[in-house]
Structures are given as structure tokens and as C-alpha cells.
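> coords please:
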Amino acid sequence: MKEQSVVHIRVDYEDALATKRNILSAEANFLKVIKRIKRYELLRGEELNNRLRIQNKIKDLKTNMTKINEVFPKVKLPEILKKNEVEKKKKIEEQEKIKEPIKEKHEEDDLETQLREIQEKLMKLG
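Okay, the predicted model is just below:
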């Protein structure tokens, strides 16, 4: 086995202090990230449980609705009322189609504002 020579490097006090601060701040940031990840996992689990409960309630509601529809007599609607109902359904579907892209655009705007804020902070530091 070869002998290894030990090399010593001299570091200024200020550089060592700055490096130590950077390491400690990096550790603190990692701990914050870990904390947020754990919180996310907890919230994600709650969300999944809530979705399952909602799905079960919707299934129960559907079965109850079918039972109610079987019990009550069927009503015959005049043609004019049927046409009005069809038109209302079409209008509602069109409105829902319009609302979906607006939500996506809002989320993109939110991300862009956050990105601008981060860039401004980096400009202040640098």
C-alpha cells in the first residue's frame, strides 16, 4: 500500500465563515423541503381519502336516484318543453367549455408571476 501524503490548505477566516454560513443555510433549506414534502404527502393522502368518500357517496346517490325514478310515474313533457331543455343543456355545455381554458390560463399567470418574483430577488442579490 502506498503512503498518502497529507495536504493542508489555508483558508481565510472570512472565507471559512462564509462557507460555513452557506452550508448551514443549505441544510436549513433541505430541512424545509423535507418538511414540505412530508406535508404534501399528508395532504395528498387526505385528498385521496376524500375522493374515495365522494365517489362512494356519488354511487349511493345514483342508486337512490334510480330507485326514486322507478317508484315515481313518468311524466310526458310537451315537445316545446323538451326543445327548451335541450337548448338549456347546450348552453350549459358551451359555458363549461369556455370556463376550462380560463382556469388553465390563470394557473399559468400565477406561475409566471412567481417566476418573475424569484428573478427579481436574484437580481437584488446579484
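> so what's the backbone phi/psi at Glu87?
Note on Glu87: backbone dihedrals following degrees, to the nearest 10 are phi -60, psi -40.
> That one and Glu93: what is the separation?
Using Cβ to Cβ, to the nearest Å, Glu87 is found at 11 Å from Glu93. For every residue, glycine as well, the C-beta is placed using N, CA and C.
> So Thr113 versus Met123, what's the distance?
16 Å.
> With Lys88 instead?
53 Å.
> check which helix or strand covers Glu96.
Glu96 belongs to helix 79-125 when assigned by DSSP states H and E.
> can you check Val11 too?
Short version, using DSSP H and E: Val11 is in no helix or strand.
> Distance of it relative to Met65?
For Val11, the distance to Met65 - Cβ to Cβ - is 75 Å.
> before we move on, what about Ile34?
From Ile34 to Met65 the distance is 46 Å (Cβ to Cβ).
> What ranges in this protein fall below the confidence cut-off?
1, 99-108, 126 (pLDDT under 70).
> Walk me through the domains of it.
7-74, 76-126 (automatic domain parsing).
> burial of Asn50, as a residue count?
Using other Cβ atoms under 10 Å, Asn50 has 10 other residues around it.
> Which strand or helix spans it?
helix 13-71.
> Please state the offset of that helix from the chain centre?
9 Å (Cα atoms, centre = their mean, to the nearest Å).
> again with stretch 86-103
Computed by Cα atoms, centre = their mean, the chain-centroid distance of stretch 86-103 equals 24 Å.
> buried residues in that stretch?
For stretch 86-103, the neighbour count (16 or more other Cβ atoms under 10 Å) marks no residue as buried.
> then it to CSV, C-alphas only?
C-alpha atoms of stretch 86-103 as CSV (Å, rounded to 0.1, in the frame of the first residue of the first chain):
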residue,chain,number,x,y,z
VAL,A,86,-82.2,20.6,-24.9
GLU,A,87,-81.3,24.3,-25.7
LYS,A,88,-80.5,24.9,-22.0
LYS,A,89,-78.3,21.9,-21.8
LYS,A,90,-76.4,23.0,-24.9
LYS,A,91,-75.9,26.5,-23.4
ILE,A,92,-74.6,25.0,-20.2
GLU,A,93,-72.1,22.8,-22.0
GLU,A,94,-70.8,25.7,-24.0
GLN,A,95,-70.3,27.7,-20.9
GLU,A,96,-68.4,24.9,-19.3
LYS,A,97,-66.1,24.6,-22.3
ILE,A,98,-65.4,28.3,-22.1
LYS,A,99,-64.6,28.2,-18.3
GLU,A,100,-62.0,25.4,-18.6
PRO,A,101,-59.3,27.3,-20.7
ILE,A,102,-59.7,30.3,-18.4
LYS,A,103,-58.7,28.2,-15.3
